[in-house]
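Colleague: fold the following, please.
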Amino acid sequence: MLISTTIIETGIDIPNANTLIVDRAENFGLSQLHQIRGRVGRSRERAYAYFFYDPSKPLTETAHDRLATIAQNNELGAGMQVALKDLEIRGAGNLLGGEQSGHIAGVGFDLYLRMIGEAVAEFKGEKQESPAELKLELPVDAHIPSTYVDSERLRLEAYHKLSAASGEKGTRSQLDAILAELEDRYGKAPEPVRNLIEVTELRQQANRLGLRDFNVLGLQAKLQPVELTDSELVRISSLYPGTKYLQSAQTLLIGAPRDQNFEPLRDTAIIQWAWALLAKVFSNTESSKND
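Modeller: This is a model prediction of the structure:
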């Protein structure tokens with residue numbers, strides 16, 4: 001048995017040590033906990049690390065975040081994720097001044113870096129035009145359930161991949177690869193995950209068509225911006241009775257679809273209807289599914 005202070009984290013190597021106990025772990029920093037944990041499991045022997053905290057005192061939110069991060073990131077190569085979480089907890093600092101405090105915990109690491117880039121560009125007098133983001137709202141149960149991927153970090157990682165593939169340059173093959181990776185790691189994807197893949201492909205197409213608003217919630221479907229000639233408006237009105245077109249706002253309003261029981265379409269049915277709508281409204285452009 002070796003009893004030590006935090007000096008143990010500085011690189012003491014005992015290959016056959018397989019059990020580590022840390023008392024009052026809520027008082028340690030996240031990087032400290034990660035380094036201390038690394039003192040066991042340094043050979044082929046399976047190792048165990050136990051982190052205890054004082055049950056008589058309530059854990060602070062930060063202490064809970066640190067311990068939860070250590071517990072969740074226990075696989076090989078998890079150091080990068082631990083470092084990013086540590087950066088979020090402590091803040092990256094004010095990179096443009098002497099004050100060493102930041103707001104990274106409130107906006108997230110990626111957005112924080114983008115905001116810094118925009119601030120630097122504005123300071124230099126460089127004009128940056130960021131594309132408007134598509135607002136896509138459909139009555140579809142499309143998400144990654146926690147029962148399918150129980151790690152919040154891994155779910156966010158999957159969402160990030162789907163977000164990166166949702167632009168106008170995204171392809172169906174990219175989405176198929178993401179779905180194949182999910183099923184390889186977690187088993188057959190449930191319906192909400194498959195719906196999420198289909199909605200992302202629809203988002204790809206809406207981005208290619210230059211839409212900024214595609215809303216099929218409520219009594220009407222709304223598409224914007226849409227430029228229509230008089231003949232095109234007549235054709236669409238014959239296909240969708242009750243269609244309204246606000247030319248000044250470039251907004252097309254169409255009655256939301258219903259099933260035979262006059263209930264709103266949902267999930268796969270509404271996605272298929274949305275694809276057909278895009279194909280008919282943008283018949284002069286490439287609006288069909290492309291792999």
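
Colleague: quick one: residue 279 from residue 50, how far?
Modeller: Using Cβ to Cβ, to the nearest Å, residue 279 is found at 59 Å from residue 50. Where you see a C-beta, it was placed from the backbone N, CA and C, and this is true even at glycine.

Colleague: quick one: which of those two has more around it?
Modeller: Remark: of residue 279 and residue 50, residue 279 carries more neighbours, 15 against 10, as counted by other Cβ atoms under 10 Å.

Colleague: packing partners for the host helix or strand of that one?
Modeller: Applying DSSP states H and E as the criterion places residue 279 in helix 267-281. When contacts are defined as 3 or more Cβ pairs under 8 Å, 6 or more residues apart in numbering; DSSP states H and E, helix 267-281 sits against helix 191-208, strand 220-224, helix 230-239.

Colleague: swap the cut-off to 10 Å and go again
Modeller: The elements that helix 267-281 packs onto, with contact taken as 3 or more Cβ pairs under 10 Å, 6 or more residues apart in numbering; DSSP states H and E, are helix 191-208, strand 213-215, strand 220-224, helix 230-239, strand 251-255.

Colleague: quick one: average confidence on the shortest one?
Modeller: To tie it back to what came earlier, the one meant is strand 213-215. The average pLDDT for strand 213-215 rounds to 92.

Colleague: quick one: strands adjacent to that strand?
Modeller: The sheet places strand 213-215 alongside strand 135-137 (parallel), strand 220-224 (antiparallel), with pairing taken from DSSP bridges.

Colleague: of all these, which lies closest to residue 260?
Modeller: Closest approach to residue 260 among the strands paired with strand 213-215 is made by strand 220-224 (18.9 Å; Cβ to Cβ).

Colleague: report the buried residues of the closest one.
Modeller: Residues 221, 222, 223, 224 are the ones in strand 220-224 that count as buried (16 or more other Cβ atoms under 10 Å).

Colleague: ok, what's across the strand from the first one?
Modeller: I take that to be residue 221. Under DSSP bridges, the beta-bridge partners of residue 221 are residue 254.

Colleague: before I go, just wanted to say thanks for your time.
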